[in-house]
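Asker: Have a look; sequence and predicted model below, questions after that.
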Amino acid sequence: MSKTVFKIIAAASVLVAATACTSSGEKGKPSPTSGGSPTSGTSGSAKELPKRPTELKLDGVDACKLLTQAQMDQIKVTEAVPQQIEVSNFGKAPGCFYENGLKYSYTVVLVTNKGVPFWLSGSGNLDVKVVDVAGYGAAQLTLTGTNSVNCNVTVDVAEGQQLHMSYDPVTEKGDSQDQMCSKANKAAALAVETLKTLK
């Protein structure tokens, strides 16, 4: 499998989970996350975001600098590849694939034209759960009726903006939905911590 094919698969995974919310359908029951880190965890199934500690604007931020080398080592990725990526129908936005060969990737997208409340509207075929990521409210997104595709978490960093992180297994399979979401939440928390230092 070539790197180009890998990037297409990873980008498609982001799109599959994200565009699912725009179609009509009935929401299922979100499953709880377990094994979160101290900076990432659940805050119940309520569909209301807590107040932000402070605004962390994404304008002008380099998506491939949101994880330091030490943080990349923590989540075992070796390469950061910039890419314009579209989440749902928001239009293309600056993004980055943080890759571990062809095993898996973390994809971060900096959405500056739509906030996290979009995901809490209750439409589409996504299971949505409000979680805490490094002190910020976030929406954890999984496709209803699946447990082996990927997991997305999108953080309410600023008014009308969201830091969107996904964990996408490619050839490394076998993680449960909870494990994938735990990984996505951890990476998002690391990115938020870095974002705080860039402001």
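Answerer: Arrived safely, thanks for sending.
Asker: if I look at Lys196, how far off is His164?
Answerer: Per Cβ to Cβ, to the nearest Å, Lys196 is found 17 Å from His164. For the C-beta atoms, the positions are set from N, CA and C on the backbone; glycine is no exception.
Asker: do the same with Gly60
Answerer: Taken as Cβ to Cβ, the span from Gly60 to His164 is 17 Å.
Asker: Show me which of those two is the more surrounded one.
Answerer: His164 (31 against 9; other Cβ atoms under 10 Å).
Asker: from what I can see that one touches Lys114, true?
Answerer: No: checked against Cβ atoms under 8 Å, the pair His164 and Lys114 is beyond contact range at 9.9 Å.
Asker: which phi and psi does Gln74 have?
Answerer: phi -60, psi -40 (degrees, to the nearest 10).
Asker: From Thr68, how far out is the closest residue in space to it that isn't next to it in sequence?
Answerer: Distances taken as Cβ to Cβ, 6 or more residues apart in numbering place Leu190 nearest to Gln74, at 6.8 Å, with adjacent residues excluded. Separation of Leu190 from Thr68 (Cβ to Cβ): 8 Å.
Asker: Also His164?
Answerer: From His164 to Thr68 the distance is 19 Å (Cβ to Cβ).
Asker: Ok, Gly137 next?
Answerer: Gly137 sits 24 Å away from Thr68, going by Cβ to Cβ.
Asker: can you tell me the helix or strand for the spatially most central residue of the chain?
Answerer: Closest to where the C-alpha atoms of the chain average out (Cα atoms, centre = their mean) is Met165, at 2.1 Å. If you go by DSSP states H and E, Met165 is part of strand 161-169.
Asker: Many thanks, I have nothing further to ask.
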